[in-house]
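Visitor: Build me a structure from this.
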Amino acid sequence: MDKVIVTALLVIAGVTAAGLMMTTLTPIIGSSSQSVVESQKVLSQRIQTDFNITAVHADSDVSVKAWIKNVGGANISFLEQSDVFVSSTDKTQFVFLCYEDPVSCTENKWSAFEKDGETKKTGYWTEGETIQLTLSLKNDALSKLVQGTRTYNFEFATSNGVKSAYQFKYGQ
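Guide: Sure thing, here's the model as predicted:
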């Protein structure tokens, strides 16, 4: 009789332990798999993001225009959260430009336009679309772009971390 009671208690303890493990581990496994799915989605979006800086032209010593084509397999969102930099190739000068918010950005700024250069770019930057960025540099931002003698880097990075650089000279 003692063996039957001990066996029954062990069976009850085993079923209770299994139930507790299932109750505890099921939500952890569910949230873990959800985070894997989300990270795969973000990684897929980043892999599909690609763009090509087709041309950069400094049309004055404080104004630069750049044309960039979305050559990736995905639309690019949050264009205003992209980062734009201009620096000299010898690393002596570096300027970060902020998106054209008149409240927080009073000096070095950039604006996005449709390819025509007149219509403001809003919404998604779609696959195959070329946009124009207009950069306005403060007069002493790069101690003025030096015509023809110094090479500059134009760097553009999307909000999801994909970036590219292009070298240009003022006046060429």
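Visitor: average model confidence for the helix or strand hosting residue 155?
Guide: Secondary-structure element containing residue 155, defined by DSSP states H and E: strand 151-157. Averaging pLDDT along strand 151-157 gives 92.
Visitor: Residue 99 and residue 41, how far apart?
Guide: 26 Å (Cβ to Cβ, to the nearest Å). (Each C-beta comes from the backbone N, C-alpha and C, glycine too.)
Visitor: Run through the bridge partners of residue 63.
Guide: residue 60, residue 136 (DSSP bridges).
Visitor: Model confidence score at it, please.
Guide: 83.
Visitor: Hmm, residue 133 and it touching each other?
Guide: No: look at residue 63 against residue 133 with Cβ atoms under 8 Å: they stay out of range, at 11.3 Å.
Visitor: mind listing the strands in the protein by residue range?
Guide: 51-60, 63-70, 83-88, 94-99, 109-114, 130-136, 151-157, 163-169 (DSSP state E).
Visitor: Report all helices and strands that the fourth one contacts.
Guide: Read it as strand 94-99. strand 83-88, strand 109-114 (3 or more Cβ pairs under 8 Å, 6 or more residues apart in numbering; DSSP states H and E).
Visitor: what ranges of this protein fall below the confidence cut-off?
Guide: 30-32, 61, 102-103, 139-149, 172 (pLDDT under 70).
Visitor: and it, what are its domains?
Guide: Per automatic domain parsing, the domain ranges recorded for the chain read 1-48, 51-169.
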